[in-house]
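Trainee: Pasted the sequence and its predicted model underneath.
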Amino acid sequence: MERIVYFMIKQEMIKKIELKRSHLIQAACQHGFTSPLTIKYSEELDHLLNLYAKKQIIVYKEQKITASNNT
């Protein structure tokens, strides 16, 4: 059950990251790389990527602990 929930959360985060990346590219093409909107989207994308990476690390550590407990 936990793996299903994690998979759903992971897929949702990936969708959010892809959407924000698309917004960032569109803003950069229309307004330039240094426009306030482009910078805002870039910072939001950075935040989402950091959250995703932290979740990946937590899951990795939990799997490592579970694996060591099962041996």
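Mentor: Sure, I can see it.

Trainee: tell me what the helix or strand of the chain with the lowest mean pLDDT is packed against?
Mentor: Ranked by mean pLDDT, DSSP states H and E, the weakest helix or strand in the chain is helix 36-70, scoring a mean of 87. Contact partners of helix 36-70 among helices and strands, from 3 or more Cβ pairs under 8 Å, 6 or more residues apart in numbering; DSSP states H and E: helix 2-31. The C-beta positions use only the backbone N, C-alpha and C, and glycine is treated the same way.

Trainee: relative to helix 36-70, how tilted is the helix it packs on?
Mentor: Between the axes of helix 2-31 and helix 36-70, defined by axes from the mean of the first three to the mean of the last three Cα atoms, to 10 degrees, the angle is 160 degrees.

Trainee: next one: helix 2-31 to chain centre, how far?
Mentor: Chain-centre distance of helix 2-31: 7 Å, with Cα atoms, centre = their mean, to the nearest Å.

Trainee: Packing partners of it?
Mentor: helix 36-70.

Trainee: in the helix it packs on, what counts as buried?
Mentor: Thr38, Tyr41, Ser42, Leu45, Leu48, Tyr52 (16 or more other Cβ atoms under 10 Å).
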